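**Q** Provide a 3D model corresponding to the input given below.
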Amino acid sequence: MLASAFVAALFAHVAIDVAGDYLLAHDTYDDHAHGSRYVASIALGIAVFAAFSMFVRAVISETRGVRGALRAALQSSIPASPAAFAAIVVSLALPLLLAMAWLDSIVAGVPPDDVGDLFGGSLTLGIGTTFVASLATTIAVRALVELAAHFHRSIVRAVCALVHAMVSREPGDAFAVARRTDERPRVTACFRRSSGTDRAPPAAAIRVRLA
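**A** You can find the predicted model right below:
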């Protein structure tokens, strides 16, 4: 949920900056640079990495026999109620947006005169944009989580197949056939057999090529 709030705050910060140029007489976001977006992006990356780590641990647990671990982890990552999820994201995105605007103002040496300055110069524009950004983020995140939960068995099977392929194949197996010349047919013999009455390639040659 913290990652969703950071996404909503970043989206709202950029949207207020763009909309303020057309809807406000003086957009306070134009008075300074926006280094806070880089800070928020780093924090978002950390939050996403933490969520992805939880996802990987759940997949590993299910591959080890804990049935439904991935689905349970996905379902517990967001509230069951869409309204509750949206309310939490909005309540987190608003202070994050204010913190971003305040940091930009302090770094630029232009302290805000009031709370409205932290919303680009308009409380209505700032709060409304943050609400819309939070709502859009919750819809997208919820759809993504529900999609992953729906295909959780396929995800686990794919991970199992990948791990099995990585474990079963020893280093250098791709070149093992090339090294074992005594176990593969000679080119001349293959050519003779394939150019005689039987036009089909020798079975041994097929196995060598597919290995």
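
**Q** make it CA atoms for all contacts and neighbour counts henceforth
**A** Will do.

**Q** For Val156, list the residues it contacts.
**A** Val156 makes contact with Val59, Glu62, Thr63, according to Cα atoms under 8 Å, 6 or more residues apart in numbering.

**Q** Leaving out chain neighbours, which residue sits closest to the second one?
**A** Read it as Glu62. Excluding the flanking residues, the one nearest Glu62 by Cα to Cα, 6 or more residues apart in numbering is Ala69, at 5.4 Å.

**Q** One more: the first one?
**A** Using Cα to Cα, 6+ apart and skipping residues adjacent in sequence, the residue nearest Val59 is Leu70, 5.5 Å away.

**Q** Settle this for me: that neighbour is touching Glu62, isn't it.
**A** Yes - between Leu70 and Glu62 there is a contact at 6.6 Å, judged by Cα atoms under 8 Å.

**Q** How many residues are close by the residue nearest to Glu62?
**A** Number of residues near Ala69 (other Cα atoms under 10 Å) recorded here: 18.

**Q** where along the chain do the helices fall?
**A** Assigned by DSSP state H, the chain shows helices spanning 2-23, 36-63, 69-77, 82-108, 115-118, 123-150, 152-168, 176-179, 187-195, 203-210.

**Q** now for these, which one comes closest to Asp30?
**A** helix 2-23 (7.4 Å; Cα to Cα).

**Q** list the buried ones in that closest one?
**A** Residues of helix 2-23 classed as buried: 2-13, 15-17, 20 (neighbour count, 16 or more other Cα atoms under 10 Å).

**Q** Where does pLDDT dip in this structure?
**A** Residue ranges of the chain with pLDDT under 70: 169-211.

**Q** mind giving me the domain split of it?
**A** 2-167, 173-210 (automatic domain parsing).

**Q** Go ahead and flag the most central residue of this protein.
**A** Nearest residue to the geometric centre of the chain (Cα atoms, centre = their mean): Val48, 6.9 Å.

**Q** Skipping adjacent residues, who's closest to that residue in space?
**A** Using Cα to Cα, 6+ apart and skipping the chain neighbours, the partner closest in space to Val48 is Ala3 (6.0 Å).

**Q** out of the buried residues of helix 2-23, who's nearest Leu97?
**A** Nearest to Leu97 among the buried residues of helix 2-23, counting by Cα to Cα, is Ala9 at 5.2 Å.
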